[in-house]
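**Q** output the structure for:
(one chain, ligands or ions: 2)
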Amino acid sequence: MSCLFCKIVSGEIPAKSVYEDADVFAFADINPQAPVHVLVIPRKHVASLAEAVDDAALLGTLMAAAGRIAAENGLAKGYRTVINTGADGGQTVEHLHVHLLGGRAMHWPPG
Ligand code: 5GP
Ligand code: ZN
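**A** Ligands and ions are numbered 1, 2, ... in the order given. Reported below is the predicted structural model:
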């Protein structure tokens with residue numbers, strides 16, 4: 001498996017772990033766009049949201065984990081969750097991931 005995030009899940013590529021359970025792995029983004037920037041991913045390989053539409057349980061688990069991580073990291077004033085999908089969505093790593101961004105006020109609309 002040549003997937004970068006699968007290698008992070010397996011430990012082949014190091015990352016700063018933030019949260020782990022049976023289904024979810026979360027780690028600090030290597031190029032943070034906010035004081036808190038965590039990537040929340042499924043342990044199993046799913047390429048993108050487009051490939052996950054039949055797995056509502058997995059998507060719910062991911063979003064619930066993102067909310068839990070936000071609370072555990074002191075983001076009481078709020079935060080942003082983002083899923084980039086495909087070329088137009090700006091997805092650069094083809095393993096489904098939720099960006100959790102916080103620690104500063106976010107802007108809208110995104111680029
Ligand atoms: P995307 O652009 O696909 O939505 O987000 C991919 C994210 O993965 C980017 O924010 C990028 O900084 C992050 N990223 C890319 N390579 C690595 C890596 O090797 N380690 C970590 N921790 N993050 C990475
Ligand atoms: Zn993968």
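**Q** how about the residues of this structure near ligand 1?
**A** Applying Cβ under 6 Å from any ligand atom, one finds that the chain approaches ligand 1 through 4, 13, 15, 27-31, 39, 84, 90-93. Yep, even glycine has a C-beta here, placed from its N, CA and C like the rest.
**Q** tell me which of those fall in strands.
**A** Under the assignment DSSP state E, the residues of the chain next to ligand 1 contribute Phe27, Ala28, Leu39 to strands.
**Q** who touches His97 in this structure?
**A** Phe5, Leu39, Val40, Ile41, Ile83 (Cβ atoms under 8 Å, 6 or more residues apart in numbering).
**Q** quick one: it and Lys77, what's the gap?
**A** 23 Å (Cβ to Cβ, to the nearest Å).
**Q** how many residues are close by Phe5?
**A** Using other Cβ atoms under 10 Å, Phe5 has 22 neighbouring residues.
**Q** quick one: pLDDT of it?
**A** pLDDT for Phe5: 98.
**Q** now the helices for this protein?
**A** Taking DSSP state H, the helices of the chain run over residues 4-10, 56-72, 86-89.
**Q** and those as CSV, adding distance to Asp23?
**A** Below are the helices of the chain laid out as CSV (distance: least, Cβ to Cβ, whole Å):
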stretch, distance to Asp23
helix 4-10, 11
helix 56-72, 5
helix 86-89, 23
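**Q** out of these, the one nearest Val46 is which?
**A** Between Val46 and the helices of the chain, the shortest gap by Cβ to Cβ is with helix 56-72, which sits at 7.1 Å.
**Q** bridging residues for Ala26?
**A** Taking DSSP bridges as the rule, Ala26 bridges to Tyr19, Val40.
**Q** these two touch, right, it and Ile69?
**A** Yes - using Cβ atoms under 8 Å, Ala26 is in contact with Ile69, at 5.6 Å.
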